[in-house]
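after the sequence you'll find the predicted model.
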Amino acid sequence: MAKLKNKLSVILDVVPQGSNIIYVDYPVYNNGGDVLIMKGTEAFFKDNGIHVRARYSAMDIPDQLHIPGDWIIVCHGGGNFGDLYLNHQNLRERIVRDFPNHRIVIMPQTIHFQSEQKANEVAALFNAHPDLHMFVRDTRSYQWAKDKLNQCHITLCPDMAHQLWPLKPTTVTVKDVLYFLRTDIETVGGQKKFDDEADAAHRLDWDTLFTPLEVKGIVYFQKFYRLNKRIGGPLPTRTFWYKYTDHLMNKAVTLFSSYREVRTSRLHGHILACLLDMPHVVIDNSYGKNSQYYNTWTQPNPKARLFNDAPDALEQLS
């Protein structure tokens, strides 16, 4: 895991130490994986003396934005580059269109398009930008980007959450197996074996890890972000949101720490288990994101196993 953290230093080739940047599209929602990426990204900035002059989420970025010419625009990484999560994709495309003379850096992403037409439209836009640098998290995304985004600078790089290595367990291990399984559009059929196996008390996802009150708090933060944009930005919404995400991440770390093993179809369930150095099984998502990441970066970890979707595969895990 230390080697993966060290591999993130390749980003310094395009965002050098001491750079002035703005950080765009950090998450304000209840996906703990994106929050974990955000925490790793902010740690990377701090550890390398990178000066974040402004931060914007998709909810509060101004319609008219002035950025000094020598500042670098850094877009949040994750798994939303493509046409599944258009709110974030549209924001990136807007940044590329509106700032043709700035360096734009997209932090490590997984790429997935369902529509070839949309993929070609994005490629045409990005290839027209003279200083666009994109980091990708797996070899399949890398090959796609090298083919389609052939005028951009493409680099293979691990997920930003690895900057948090090592994470220390925050509680004693008292339970057996945690099933941390997707419940959204990326769920794959092979996960059903684990859905059937899991006891309801030990089956969670990001939206069930957080209590209804905590989720309500996130909804209120979103409302304050939108209000803050309407009134011109005087409210300290980001400061309080970042403190709140400290609580959310501590809760996730405590949950994982309390189990002997994790079985997960969440990429950041896998990465969090790696950061905590705990045994776990990786189950793929609907388009191969998890297996691609495992095969690219984490396969050497002796405490991580990739689930083989075969009739006797569950017996192999016992």
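Cool, the structure landed.

for residue 317, report the pLDDT, please.
What the model reports for residue 317 is a pLDDT of 45.

please disregard the earlier target; I meant residue 189.
68.

how about residue 130, nearest residue that isn't a chain neighbour?
Excluding its sequence neighbours, the residue lying closest to residue 130 (Cβ to Cβ, 6 or more residues apart in numbering) is residue 100, at 7.3 Å. (C-beta placed from N, C-alpha, C; glycine too.)

look up phi and psi at the one you found.
Recorded main-chain torsions at residue 100 are phi -70, psi -10, according to degrees, to the nearest 10.

which residues touch it?
128, 129, 130 (Cβ atoms under 8 Å, 6 or more residues apart in numbering).

could you list every helix and strand that the longest strand anywhere in the chain packs against?
Longest strand in the chain by number of residues (criterion: DSSP state E): strand 104-112. Using 3 or more Cβ pairs under 8 Å, 6 or more residues apart in numbering; DSSP states H and E as the contact test, the elements touching strand 104-112 are strand 72-75, strand 78-82, helix 86-98, strand 132-136, helix 139-148, helix 289-293.

hang on, the earlier thing: ok, so of the contacts of residue 100, who is nearest residue 252?
Of all the contacts of residue 100, the one with the least separation from residue 252 (Cβ to Cβ) is residue 129, at 35.8 Å.

after the helix or strand harbouring residue 268, next one along is what?
Secondary-structure assignment from DSSP states H and E places residue 268 in helix 267-275. Counting by DSSP H and E, the next helix or strand C-terminal to helix 267-275 is strand 280-282.

that older thread, contacts for the helix holding residue 268, please.
Counting by Cβ under 8 Å, 6+ apart, 1, 32-33, 36-37, 79, 110, 159, 161-162, 164-167, 180, 252-253, 256, 262, 264, 279-280, 282, 285, 289-290, 293-294, 298, 301, 303-304 sit against helix 267-275.

and the helix or strand following the longest strand of the chain, what does it pack onto?
Downstream of strand 104-112, the next assigned helix or strand under DSSP H and E is helix 116-127. Packing partners of helix 116-127 (3+ Cβ pairs under 8 Å, 6+ apart): helix 86-98, helix 139-148.

deepest of the ones you listed, which one?
helix 139-148 (a mean of 18; mean count of other Cβ atoms under 10 Å).

can you give me the angle that helix makes with strand 132-136?
150 degrees (axes from the mean of the first three to the mean of the last three Cα atoms, to 10 degrees).

show me what the mean pLDDT comes to for helix 139-148.
Here the average pLDDT along helix 139-148 is 96.

which secondary structure elements does that helix sit against?
Using 3+ Cβ pairs under 8 Å, 6+ apart: helix 139-148 touches strand 104-112, helix 116-127, strand 132-136, strand 153-156, helix 289-293.

looking at the ones you listed, which is nearest to residue 207?
helix 289-293 (18.3 Å).

low-scoring pLDDT stretches of the stretch 1-150 of the chain, where are they?
For the stretch 1-150 of the chain, no stretch is flagged by pLDDT under 70.

again, only using 90
30-31, 79, 84-86 (pLDDT under 90).

show the residue spans covered by the strands in the stretch 201-318 of the chain.
203-204, 259-264, 280-282, 304-306 (DSSP state E, counting those that start in this stretch).

quick check: which of these is buried the most?
strand 280-282 comes out most buried of these by mean count of other Cβ under 10 Å, with a mean of 24.

one step back: in PyMOL, how would I select the buried members of the contacts of residue 100?
One line in PyMOL is enough to select the buried ones among those; burial here means 16 or more other Cβ atoms under 10 Å:
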select buried, resi 129
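
which among the helices and strands packed on helix 116-127 is found nearest to residue 248?
helix 86-98 (19.4 Å).

packing partners for the closest one?
When contacts are defined as 3+ Cβ pairs under 8 Å, 6+ apart, helix 86-98 sits against strand 72-75, strand 78-82, strand 104-112, helix 116-127.

who does the residue most central in space within the chain form a beta bridge with?
Nearest to the mean C-alpha position of the chain, by Cα atoms, centre = their mean, lies residue 78 at 3.2 Å. Assessed by DSSP bridges, residue 78 has beta-bridge partners residue 109.

what's the separation between it and residue 92?
Here the criterion is Cβ to Cβ, to the nearest Å. By it, residue 78 lies 11 Å from residue 92.

how about residue 255?
Distance from residue 255 to residue 92, by Cβ to Cβ: 32 Å.

again, but for residue 182
Residue 182 is 24 Å from residue 92, by Cβ to Cβ.
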